[in-house]
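coordinates only, sequence not included:
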């Protein structure tokens, strides 16, 4: 049995329905509570049951964001971010509170919208002093949300329990300080269960270093997920698999010689190689055109974004 509690909202699930009913009755004798039946809505996340599993979305929450921004009837955009940023206007945005509230709301929207992660991460980096150009980036995200209100996250019932992830980085992608961005998404069988778009804490000296640091970050997430799945009784039949499109970074995971040019990433190197040596992690090459983590590291054109989103977002009828 697993119980998720947030203040006074509870989600309860398990593999023994009779035990769950007894537990709910016991809770009712000790606390004033109401059983709302099967899960439909939890913390602004809408849960729709389908023949294949579940569909998670935040359509109402997204509509509320558009209403708050007075952009309910705006023209939709096909992508959340322009391929080339136009930061011509450096004039300060006058209403910082509005900027922060909209960006904060968009952060929560990424709970079921991985396709927004990189764009939202980009605008979050200007919370302290946003400019008019930065607010233009926020409006671009809202235009994309307006045209994709029915998208969400699918949870497929009939799926394997294999754990695998896609890792990628955009070397020196930050136009201001030239730090790289780490992006990854983790799948449990057919279900995307975690993702991240995050600027690396230090400047990478090469694309190999940037890719390898991204792989190391993904591996730490792998380790935590493995422990979590074990605690709730989900065994891993096979070692976790990590896909990367950089052959040099992949070679470093199995190369026993630490070259002088890579000494500055020694900690990440030893951690990654230890997991591979123990057999708990397998690294594999994947072509760049099949790299799902691209959406977390850079702006993508409409067709590429749509192809990637098919792997985790769709309307309930097409799951």
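Received, thanks. This structure is a prediction, so every number in the text was calculated from the model and none was measured. Residues are numbered from 1 along each chain as shown.

what about stretch 9-27, distance to the chain center?
30 Å (C-alpha atoms, centre = their mean, to the nearest Å).

dump the residue contacts of the closest residue to residue 158 other than its chain neighbours.
Sequence neighbours aside, residue 52 is the residue nearest to residue 158 in space, at 7.3 Å (criterion: C-beta to C-beta, 6 or more residues apart in numbering). In this view, the C-beta of every residue, glycine as well, is placed from N, C-alpha and C. Counting by C-beta atoms under 8 Å, 6 or more residues apart in numbering, residue 52 makes contact with 154, 156-158, 319.

Could you check the pLDDT of residue 52?
Reading off the confidence values, residue 52 has pLDDT 87.

distance of it from residue 5?
28 Å (C-beta to C-beta, to the nearest Å).

What is the neighbour count of residue 59?
For residue 59, the neighbour count with other C-beta atoms under 10 Å is 16.

Please apply the same query to the one 3 residues further on.
Neighbour count of residue 62, defined by other C-beta under 10 Å: 25.

cool, and residue 95?
Neighbours of residue 95 using other C-beta under 10 Å come to 11.

Could you measure from it over to residue 70?
12 Å.

Which strands or helices does whichever helix or strand residue 209 is part of pack on?
Element membership for residue 209, per DSSP states H and E: helix 207-231. Counting contacts by 3 or more C-beta pairs under 8 Å, 6 or more residues apart in numbering; DSSP states H and E, helix 207-231 is packed against strand 163-170, strand 181-188, strand 191-199, strand 240-244, helix 247-252, helix 266-278, strand 281-285.

Least confident of those, on average?
helix 266-278 (a mean of 71).

which residues of the protein fall in strands?
2-6, 9-13, 41-42, 45-50, 53-57, 152-156, 163-170, 181-188, 191-199, 240-244, 281-285 (DSSP state E).

Below-threshold pLDDT in the stretch 201-319 of the chain: ranges please.
The model of the stretch 201-319 of the chain has pLDDT under 70 over residues 255-270, 311-319.

go with 90
For the stretch 201-319 of the chain, the stretches flagged by pLDDT under 90 are 201-224, 226-240, 244-284, 286-319.

Equivalent analysis for the stretch 51-200 of the chain, please.
Counting by pLDDT under 90, the stretch 51-200 of the chain contains low-confidence ranges at 51-52, 82-92, 125-126, 150, 157-162, 168-182, 189-190, 197-200.

Let's see that with 70 instead.
Ranges of the stretch 51-200 of the chain meeting pLDDT under 70: 87-89, 172, 175-177.

That one: helices as residue ranges?
59-68, 96-109, 117-124, 132-147 (DSSP state H, counting those that start in this stretch).
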